[in-house]
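Peer 1: okay, sequence plus prediction incoming.
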Amino acid sequence: MKFIAGIIILICFSACSVNSSLSKVSGYQVNKLLYKDDFSTLSSHWITETPANRNSKVYTAGNKLIIDVVGGATVWLNKKLSGNYLLEYKRTVLIEGGVNDRLSDFNQFWMATDPKNPNVFSRTGVFEEYDSLSMYYIGMGGNTNTTTRFRKYYGDGSKPLLQEYLDKEHLLQPNKEYLITLIVKDGLSEFYVDGIKYFSYQDDKPLREGFFGFRTTASRHAITDFKIYSLK
């Protein structure tokens, strides 16, 4: 896994050999803790792309990353990931009468690269701008909480739908904290919600490296307990 050595030294525990305290996913054995963030502050490891608006902001509060935006937003971890890893975090869609509160778009990107630009972080947060990236994408509770979808983006504007759910059980509940686990292993991507496998895709032409990003549109989300482990 390609991580800048300095950042590993800063954020790993002794020898970085730990077991996941969050993951409910069986069948995988973690090796080393590569990155963690409790969002006590909004560190420089995160890059935000969102259209400027006085009612949009990304910040930390109470050890949570808050994405509270009128339009689209992507918050990227600015470290390229590769190899086999387990990534997990807790996330809630907040519905409490806020100006941007909307039950929708619990989304994420991973293995993202730009075939035409070495700088992936060059967009404004408008969703269509990401069509030129090569990456995987999951949109849970998209389209105002009517779809949960898994796509692969090819970097040329094509982004075929790989798998989809339309039933209530795979859509969002307001103010519910979800444990999300992403497995990337030997071309396989698996997405778990509270230990339940939603998606599994073995790519015959897998994306081998790229960036992870939280994604949403016109909503307010709280994220915490972000961790990445290498897999044995």
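Peer 2: Here it is on my side, so go on.
Peer 1: so, low pLDDT: which residues of this protein?
Peer 2: The chain contains residues with pLDDT under 70 at 1-22.
Peer 1: which stretches of it form strands?
Peer 2: Taking DSSP state E to define them, one finds strands in the chain at 30-37, 46-49, 57-61, 64-77, 81-82, 85-93, 106-113, 134-141, 147-154, 161-165, 178-185, 188-193, 196-202, 209-231.
Peer 1: redo those as JSON lines? Include mean neighbour count and distance to Lys24.
Peer 2: The C-beta positions use only the backbone N, C-alpha and C, and glycine is treated the same way. Shown next, in JSON lines, are those (neighbours: other Cβ atoms under 10 Å; distance: least, Cβ to Cβ, whole Å):
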{"stretch": "strand 30-37", "mean neighbour count": "20", "distance to Lys24": "13"}
{"stretch": "strand 46-49", "mean neighbour count": "18", "distance to Lys24": "25"}
{"stretch": "strand 57-61", "mean neighbour count": "15", "distance to Lys24": "25"}
{"stretch": "strand 64-77", "mean neighbour count": "22", "distance to Lys24": "21"}
{"stretch": "strand 81-82", "mean neighbour count": "18", "distance to Lys24": "22"}
{"stretch": "strand 85-93", "mean neighbour count": "22", "distance to Lys24": "9"}
{"stretch": "strand 106-113", "mean neighbour count": "23", "distance to Lys24": "18"}
{"stretch": "strand 134-141", "mean neighbour count": "23", "distance to Lys24": "17"}
{"stretch": "strand 147-154", "mean neighbour count": "20", "distance to Lys24": "19"}
{"stretch": "strand 161-165", "mean neighbour count": "14", "distance to Lys24": "19"}
{"stretch": "strand 178-185", "mean neighbour count": "20", "distance to Lys24": "7"}
{"stretch": "strand 188-193", "mean neighbour count": "19", "distance to Lys24": "7"}
{"stretch": "strand 196-202", "mean neighbour count": "15", "distance to Lys24": "9"}
{"stretch": "strand 209-231", "mean neighbour count": "22", "distance to Lys24": "13"}
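Peer 1: dump those to CSV, plus distance to Val99.
Peer 2: Compiled in CSV, the strands of the chain are given as follows (distance: least, Cβ to Cβ, whole Å):
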stretch, distance to Val99
strand 30-37, 26
strand 46-49, 18
strand 57-61, 11
strand 64-77, 8
strand 81-82, 34
strand 85-93, 15
strand 106-113, 19
strand 134-141, 19
strand 147-154, 25
strand 161-165, 29
strand 178-185, 23
strand 188-193, 27
strand 196-202, 30
strand 209-231, 9
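Peer 1: in CSV, list the C-alpha atoms belonging to stretch 74-88.
Peer 2: C-alpha atoms of stretch 74-88 as CSV (Å, rounded to 0.1, in the frame of the first residue of the first chain):
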residue,chain,number,x,y,z
THR,A,74,-16.4,15.8,-2.0
VAL,A,75,-14.0,15.5,0.9
TRP,A,76,-10.9,13.7,-0.2
LEU,A,77,-8.2,11.9,1.8
ASN,A,78,-5.1,13.3,0.1
LYS,A,79,-3.1,10.0,0.3
LYS,A,80,-3.1,7.6,-2.5
LEU,A,81,-4.1,4.0,-1.5
SER,A,82,-3.1,0.8,-3.2
GLY,A,83,-2.8,-2.9,-2.3
ASN,A,84,-5.2,-4.7,-0.1
TYR,A,85,-6.9,-2.8,2.7
LEU,A,86,-10.0,-2.4,5.0
LEU,A,87,-11.4,1.0,5.4
GLU,A,88,-14.1,1.9,7.9
